[in-house]
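Engineer: this one's structure only:
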């Protein structure tokens with residue numbers, strides 16, 4: 001069976017598999033499959049069995065879940081979101097939007113570093129104070145974090161705009177909203 005891959009130079013797809021010529025394609029791994037587009041550009045295709053052999057650094061992430069009183073330790077590759085990696089390892093962490101727009105998965109970094117370019121749910125000020133979002137966070141070193149109360153983080157970010165104090169949570173309204181999804 002031939003593999004079908006889009007070429008970055010053209011929009012048409014070819015269903016032709018070619019043998020790898022080491023003289024012209026020395027960078028392709030032994031045993032890899034190559035396909036070509038109409039420009040005959042070899043493209044290496046990895047199989048699920050050799051994906052683990054790629055050298056993406058992984059880091060140990062420790063999450064202290066304050067709400068549940070549990071500590072989770074797991075490995076996360078640098079190119080994967082922390083929340084997604086946790087879920088793939090059957091670890092349940094708080095989340096809501098998965099897009100970095102809310103504060104449900106907010107944590108406070110105790111040690112280590114992470115990269116979170118898409119964390120729109122927390123301000124630059126809170127990021128500088130060590131807050132992060134797990135749903136859009138990539139570890140860049142071993143990391144230890146502590147989950148935060150969503151309302152607490154929301155208050156830290158927007159509290160100065162609400163003079164009356166924290167907003168009462170209406171669980172019945174929340175239950176109705178969740179039922180609509």
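Structural biologist: That came through fine. What you are looking at is a predicted structure, and each value in this text was computed from that prediction instead of being measured.

Engineer: where do the helices sit along the protein?
Structural biologist: Assigned by DSSP state H, the chain shows helices spanning 82-88, 124-128, 150-158, 171-179.

Engineer: Worst mean pLDDT among the ones you listed?
Structural biologist: Among the helices of the chain, helix 171-179 has the lowest mean pLDDT, at a mean of 73.

Engineer: From the contact counts, what lies against that helix?
Structural biologist: Of the remaining helices and strands, none touches helix 171-179 by 3 or more Cβ pairs under 8 Å, 6 or more residues apart in numbering; DSSP states H and E. For the C-beta atoms, the positions are set from N, CA and C on the backbone; glycine is no exception.

Engineer: gap between the two ends of stretch 121-141?
Structural biologist: Start-to-end span of stretch 121-141 (Cα to Cα, to the nearest Å) is 23 Å.

Engineer: Please identify the buried residues of it?
Structural biologist: Neighbour counts over stretch 121-141 (16 or more other Cβ atoms under 10 Å) mark 121-122, 126, 131-139 as buried.

Engineer: one step back: so of the helices of the chain, which one's packed in deepest?
Structural biologist: Of all the helices of the chain, helix 82-88 carries the top mean neighbour count, a mean of 18, counting by mean count of other Cβ atoms under 10 Å.

Engineer: and which of the buried residues of stretch 121-141 is nearest to residue 115?
Structural biologist: Closest approach to residue 115 among these (Cβ to Cβ): residue 138, at 4.7 Å.

Engineer: Look up which residues are beta-bridged to the closest one.
Structural biologist: residue 115 (DSSP bridges).

Engineer: swap in residue 145?
Structural biologist: residue 63, residue 109.

Engineer: Tell me who's in contact with it.
Structural biologist: Applying Cβ atoms under 8 Å, 6 or more residues apart in numbering to residue 145 gives the contacts 61-64, 107-110, 112, 132, 134.

Engineer: now, which of those residues sits nearest residue 150?
Structural biologist: When the contacts of residue 145 are compared against residue 150 (criterion: Cβ to Cβ), the nearest one is residue 107, at 11.1 Å.

Engineer: Quick one: which of the buried residues of stretch 121-141 has the lowest pLDDT value?
Structural biologist: Confidence-wise, residue 121 trails the rest of these, at 88.

Engineer: what about that residue, distance to residue 96?
Structural biologist: Residue 121 sits 9 Å away from residue 96, going by Cβ to Cβ, to the nearest Å.

Engineer: can you list residues touching both of these two?
Structural biologist: residue 102.

Engineer: rewinding a little: please tell me which one of the contacts of residue 145 counts the most neighbours.
Structural biologist: In terms of neighbours by other Cβ atoms under 10 Å, the contacts of residue 145 top out with residue 134 at 28 neighbours.
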